[in-house]
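Pasting the sequence and the predicted coordinates here, then a few questions.
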Amino acid sequence: MNHVIRYVGTTQYTIRNDGDTRPAYEAIPREKQLSAIRFFEDEVINTPQWLMDPKVYDVVEAATMKSFVNELQEKTVNSLLDGQRLNFMINNEVRFVTRRWARTNTSGTSAPQSGSQ
């Protein structure tokens, strides 16, 4: 799941050549983040029935172990709601959304409130 969760609330770094004025750090595009959340909803939060197939289940889990599906769901939700990740998301909103609004706003209105974009 780490291959998908890295897109939620994070930034991407692009190596730039000397003289390139584009920012090296940029927020992950909104649509990519939403796609990652949809993936978690479809494939993790809503219990994936293909994982419940006894042919799969019996290979990866002993009878006394906590359900690996429940564990996967728990780890994913905990990772999405991790304090460090949420703090990073808040900082990115201030860093990227407010800055973008200031560059594109010519009407003199104030920046949108958190979560309104």
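Looks like it came in fine. Numbering: from 1, shown residues only.

The nearest residue to residue 22 once chain neighbours are set aside in helix, strand or coil?
Distance criterion Cβ to Cβ, 6 or more residues apart in numbering; nearest residue to residue 22, sequence neighbours excluded, is residue 16 at 6.2 Å. In short, each C-beta sits where N, CA and C put it, glycine included. Taken by DSSP: H, G, I helix; E, B strand; the rest coil, the conformation at residue 16 corresponds to coil.

Quick check: residue 16 vs residue 88, distance?
22 Å (Cβ to Cβ, to the nearest Å).

So between these two, which is more surrounded?
Of the pair residue 16 and residue 88, residue 88 is the one with more neighbours under other Cβ atoms under 10 Å, namely 16 against 11.

Quick check, pLDDT for that one.
pLDDT, residue 88: 89.

Report the contact partners of it.
Neighbour list for residue 88: 9, 10 [criterion: Cβ atoms under 8 Å, 6 or more residues apart in numbering].
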